[in-house]
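# Can you look at this prediction? I've put the sequence above it.
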Amino acid sequence: MRPIAVRLSPHRLLLALLVPAGLLWFFAGAFVGDLYYQRAMVLKEQIYFDSAATSLEHAIAWQPRQAAYYRELGRLYLAMSPWRRDGRRWIDQGIAAYRQSLSVNPRDSRTSFDLGMAYVAAHDVGRAQAAFQSGLAVDPNNPSFYVARGAVYELQGRLDDAKAMFERAYLLSPYDREALRKQLRFLDQIGAPPRK
Amino acid sequence: MGLRPRAGMAVLLLICLSSLVFTPPTFAQVETIGGFVLKLARAAGLQTTTAANALQALVTQKVITATLANSLEPQLGFELTKGMLARILGNVLKLPPQAAEAGTQNLVNVLVERGVLAPGSATAAVTTEQVAVVLSNPIVASAMSAAIIPVAVAAAAVPGALPIALGAAAAAGAVAAAASSQRTFHAASP
């Protein structure tokens, strides 16, 4: 076999170098960001929250337009909050991360739900309702939002509104309808008039 | 000429694929009390290497009481049951003593109602995966942070978690009735 000699013109040589370099530049961020993200998820499973948060921050530095990274960072901060003495600070950081995620991808209803729950943890039911409402605008048939809104209305003492939400969830949810029925019965007992 | 390398590649591929097929499935690993204490300390941001040290650190940071730590110390190597998990979480959450006095199963039920634990017997063993859910799930965290939260909220979480959540919602009634006198949440209405 004779070796094949390939001669490239300077232009082609330049192109041969530039194309892989461009591809590397384009994909390196996604690749390295994903590596950090995967590492963060493993650390989170093992309850190394601080290391996981650092890893996610690295992932975000490589891919600042990845909404899922901010959402996971928010979830991580929220997960830290009940175990830390300065829990409220972690809740606030979680809310900030969720909001950042929604600013990148406003149509992610899961993040809206998580944001609503974070506001519930912060005892800010007004903003919680707004977050659930914006999630419903994206995903109007998701019973989770109706359950959450019903529960928040119940906390506010707005039993009629709570009941309407639980009824809607009852119609939409294929799961545990008995649980929702009990919840509705309870609302009837404590004062919400039966709806016609 | 080219047959041998191809055959070799085929054999290699077969070995790789069969290793996937015959890899034993991962079995759920039961958590020990010491393992959980270590994880709890890590969740609280404490740097410890042994369960005994973690226990002391948790007491120093006032995450749990010294009384609970003393009772846990001789049991660190034992299996973590749902009842024991509920006892530790109840202590972390500073639940009123009446909840524990009414029995371990009652304590489990209270935490189920709050959306912190999934329903089950107090004597059931707790796996490492279940511990990870309790410690790292943001919805559980919300349920714990807002102690007044009625159940149903915890449930709503994600579609997959909905059945559990709604299971909790069922008990919401009883919890809400008990907690109605203690709620401070109403003032935060929009």
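Looks like it came in fine. Numbering: from 1, shown residues only, chains lettered A, B, ... in the order given.
# What is the least confident helix or strand in chain B?
The helix or strand of chain B with the lowest confidence, counting by mean pLDDT, DSSP states H and E, is helix B:162-179 at a mean of 36.
# Flag the shaky bits of chain B, pLDDT-wise.
B:1-5, B:16-27, B:145-190 (pLDDT under 70).
# Please enumerate the helices of it.
Using DSSP state H, the helices found in chain B span residues B:3-22, B:33-43, B:51-60, B:66-72, B:82-92, B:97-101, B:104-113, B:128-136, B:138-145, B:152-156, B:162-179.
# Can you pull the phi and psi angles for A:Pro64?
phi -70, psi -10 (degrees, to the nearest 10).
# how much space between it and A:Asn105?
Distance, A:Pro64 to A:Asn105, by Cβ to Cβ, to the nearest Å: 13 Å. (C-beta placed from N, C-alpha, C; glycine too.)
# and if you look at A:Asn141?
With Cβ to Cβ as the criterion, A:Asn141 and A:Asn105 are 20 Å apart.
# mean confidence for the longest helix seen in chain A?
Assignment by DSSP H gives helix A:10-45 as the longest helix of chain A. Mean pLDDT, helix A:10-45: 90.
# what angle do it and helix B:128-136 make?
90 degrees (axes from the mean of the first three to the mean of the last three Cα atoms, to 10 degrees).
# Next, the buried residues of helix A:10-45.
For helix A:10-45, a neighbour-count test (16 or more other Cβ atoms under 10 Å in any protein chain shown) marks A:Gly29, A:Gly33, A:Tyr36, A:Tyr37, A:Arg39, A:Ala40, A:Leu43, A:Lys44 as buried.
# So which elements touch it?
Contact here means 3 or more Cβ pairs under 8 Å, 6 or more residues apart in numbering or on different chains; DSSP states H and E; on that basis helix A:10-45 packs against helix A:49-62, helix A:67-80, helix B:128-136.
# Tally up the residues packed near the closest residue to B:Gly83 other than its chain neighbours, please.
Among residues not flanking B:Gly83 along the chain, B:Ala122 sits closest, at 3.2 Å (Cβ to Cβ, 6 or more residues apart in numbering or on different chains). Using other Cβ atoms under 10 Å in any protein chain shown, B:Ala122 has 18 neighbouring residues.
# do A:Arg85 as well
11.
# tell me the secondary structure for it?
coil (DSSP: H, G, I helix; E, B strand; the rest coil).
# and the gap between the residue lying closest to it once chain neighbours are set aside and B:Val92?
What sits nearest to A:Arg85 in space, not counting adjacent residues and going by Cβ to Cβ, 6+ apart, is B:Gln61, at 6.7 Å. Using Cβ to Cβ, we find B:Gln61 at a distance of 11 Å from B:Val92.
# for the residue minimising distance to the centre of chain A, phi and psi?
Centroid check for chain A by Cα atoms, centre = their mean gives A:Thr111 as the closest residue, at 3.2 Å. Backbone torsions for A:Thr111, taken as degrees, to the nearest 10, come to phi -70, psi -40.
# Test my guess that it contacts A:Ser101.
Yes - applying Cβ atoms under 8 Å, one finds A:Thr111 in contact with A:Ser101, separated by 4.8 Å.
# and for the two, which residues touch both?
Residues touching both A:Thr111 and A:Ser101 (Cβ atoms under 8 Å, 6 or more residues apart in numbering or on different chains): A:Ala67, A:Arg71, A:Gly74.
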